[in-house]
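>>> Take a look and give me a structure for this.
(one chain, ligands or ions: 1)
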Amino acid sequence: MPFAHITGWGMSVPEPVLTNEDIAKIVDTNDEWIRERTGIRERRIARETEFPSTLGVEASLKALEVANLAPKDIELVICTSSSPEYIFPATACVIQDEIGASKAGAFDLLAACTGFIYATNMAAQAIRSGSIKNALVVGTETLSRFVNWKDRSTCILFGDGAGAFVLQASEKPGGVISSVMHSDGSGANSLILPAGGARLPATEATVHEGKHYIHMDGKEVFRFATRVMGQATREALDLAGLTTDDVQWIIPHQANYRIIATAAKYLKMPLDKFVINVDRYGNTSTASIPIAAIEAFQKGQIKNGDKVVFVGFGAGLTWGALVAEWTGPLAVARKPVHPERYRFFARIRSWARRIGRIIEGLFARKEL
Ligand SMILES: CC(C)(COP(=O)(O)OP(=O)(O)OC[C@H]1O[C@@H](n2cnc3c(N)ncnc32)[C@H](O)[C@@H]1OP(=O)(O)O)[C@@H](O)C(=O)NCCC(=O)NCCS
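Coordinates of the predicted model:
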C-alpha cells in the first residue's frame with residue numbers, strides 16, 4: 001500500500017491588515033479585551049477583488065512549485081472552505097480551472113474549521129487506496145464577507161487567507177499516519193450561518209434580520225473546543241501507535257490562544273510545542289492549520305522527519321486530528337516545473353473551452 005506524503009505547501013494571505021485598534025473604531029471593544037480573551041492582535045482582510053478562489057490559486061501554485069509537480073499531474077482537487085465562492089459550482093472547480101489541473105476531479109468539502117483535516121485525510125485515503133497518485137488540498141477563506149461588523153463578539157475573531165498541500169504517493173514510509181474525524185450535529189446552532197441555503201433562501205427579511213452573517217454562542221463553542229482538542233489528539237496518536245513524547249509539533253486550529261493553552265494542559269505538553277500564530281491572522285477557519293504549518297516550516301521549526309499532529313474543531317459541530325511525518329518533497333529527478341507559467345496556458349485553455357461550448361451550442365440549435 002503506498003504512503004501519502006505531504007510534498008508541497010503554499011499559503012496566501014491578503015495584504016490589508018485590520019488591527020484590534022481598527023476594530024475598536026467600529027464596535028465597542030478594545031485591544032486589551034481582545035488580546036486577553038483571544039490572543040488575537042490583528043487579522044488580514046481580503047480586498048474586493050480577492051475571493052476564496054484567488055487566494056486558493058496563489059496558495060496552490062506555491063504548493064505545486066515546492067512539490068515540483070505540474071498541474072496536469074494532479075488527479076484530485078479538494079477545496080475546503082466555510083466561505084465558498086458559490087453554493088455551486090464548487091470552489092474546487094474554479095481553482096482546478098485557474099491552475100490548469102486539466103485531468104483532476106474536483107469537489108468542495110464542508111466541515112467548517114475542521115475542513116483541512118477532513119480533506120487531507122480524504123486525499124490521503126484516496127492515495128493509500130492506490131486509486132490516485134497526486135492530490136491537491138486547499139483550505140481557503142474570505143470569511144470577512146460573512147462577519148457582522150456590528151457584532152463585537154464575532155467580528156474580532158475571523159480573518160482571511162488560504163493554505164494548500166500537495167499530497168503524493170510513495171512507497172517510502174512517511175506522510176499521513178493516522179486520522180480521526182468526529183461530528184455532533186446536535187450542536188449545529190452554536191455556530192451557524194442561518195440563511196442563504198435551502199432552508200432560508202435569501203429574502204429581504206433574511207437580509208434585514210442579519211441572517212446572512214455568522215451567529216455564534218461563543219461560550220458554548222469555547223467549552224466544546226477545550227474538551228475535544230486534547231481528546232482528538234490523543235485518539236489520533238493512539239491510532240498511530242505514538243505518544244505525545246514522539247511528537248515534535250502540534251499544529252492546532254488557530255481560533256483562540258486560551259483554547260490552545262487548555263489543550264496543552266490537558267495533554268501535559270509544554271505550550272512551546274504548539275505552533276501559534278493566531279495573534280497575526282485571527283481565525284482563518286479551514287486555512288488556519290496549513291498557514292500555521294507552513295510558517296513553522298519556513299521559520300525552521302518543523303523539519304523533515306518531524307512527527308506533527310494537526311488538530312481542529314469547528315461548526316457542525318466537527319472536530320478531528322491527523323498525525324503525519326513531515327517528509328518534504330519526493331526525491332524524484334525531474335526538471336524544475338514552474339506552475340505559475342502553466343497559469344497562462346490554463347487561461348487560454350479555459351477560454352478556448354468556453355468558446356468551444358458556444359460553437360457547440362450553435363450547431364446543436366441548428367440540429368433541433
Ligand atoms: C468569543 C469569546 C472570545 C468571548 O469571550 P468570553 O470570555 O466567553 O466573553 P463573553 O461572551 O462571556 O462576554 C463577556 C463580556 O464581554 C462582552 N464582550 C463580548 N465581546 C466583546 C468585545 N469584543 N469587546 C469587549 N467586550 C466584549 C460581553 O458583552 C460580556 O459583557 P457582559 O458581561 O456585560 O454581558 C469566547 O467565548 C470564544 O473565544 N469562544 C470560542 C469562539 C470560537 O473559537 N469560534 C470559532 C470556532 S471555529
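
>>> three-state assignment of residue 212?
On the three-state scheme (DSSP: H, G, I helix; E, B strand; the rest coil), residue 212 is labelled coil.

>>> need the contact list for it.
By Cβ atoms under 8 Å, 6 or more residues apart in numbering, the residues touching residue 212 are 146, 193-196, 202, 206. Every residue, glycine included, has its C-beta placed from N, CA and C.

>>> Stretch 313-326 vs the ligand: in contact?
Yes - part of stretch 313-326 sits near the ligand under the criterion Cβ under 6 Å from any ligand atom, namely residue 314.

>>> circling back: in helices, which of the contacts of residue 212 fall?
residue 206 (DSSP state H).

>>> Just the buried residues from the contacts of residue 212, in ChimeraX please.
The following ChimeraX line selects those of these that are buried, judged by 16 or more other Cβ atoms under 10 Å:
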select :146,193,194,195
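
>>> can you redo the contacts of residue 212 as CSV with distance to the ligand and pLDDT?
Listed next are these as CSV, based on distance: Cβ to the nearest ligand atom, whole Å; pLDDT from 0 to 100:
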residue, distance to the ligand, pLDDT
146, 13, 97
193, 12, 97
194, 16, 97
195, 19, 97
196, 19, 95
202, 24, 96
206, 22, 97
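
>>> Tabulate the contacts of residue 212 (CSV), appending distance to residue 362.
Output for those, formatted as CSV (distance: Cβ to Cβ, whole Å):
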residue, distance to residue 362
146, 40
193, 41
194, 43
195, 39
196, 35
202, 34
206, 40
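
>>> Spell out which parts of this structure neighbour the ligand.
Proximity of the chain to the ligand (Cβ under 6 Å from any ligand atom) is limited to residues 29, 33-34, 37-38, 113, 152-153, 156-157, 191, 216, 218-219, 221-222, 225, 255-256, 283, 314.

>>> so of these, which ones are in helices?
33-34, 37-38, 218-219, 221-222, 225.

>>> chain center to stretch 33-48, what's the gap?
18 Å (Cα atoms, centre = their mean, to the nearest Å).

>>> Return the set of buried residues in that stretch.
Across stretch 33-48, burial judged by 16+ other Cβ under 10 Å covers 34, 37-46.

>>> low-scoring stretches of the stretch 251-368 of the chain, by residue?
Applying pLDDT under 70 to the stretch 251-368 of the chain flags residues 367-368.

>>> change it to 90
Across the stretch 251-368 of the chain, the ranges flagged by pLDDT under 90 are 328, 331-347, 349, 360-368.

>>> dump the residue contacts of the residue of it found nearest the ligand.
Residue of the stretch 251-368 of the chain nearest the ligand, by Cβ to the nearest ligand atom: residue 255 (3.5 Å). For residue 255, the contact set (Cβ under 8 Å, 6+ apart) comprises 113, 157, 225, 278, 283, 288, 313.
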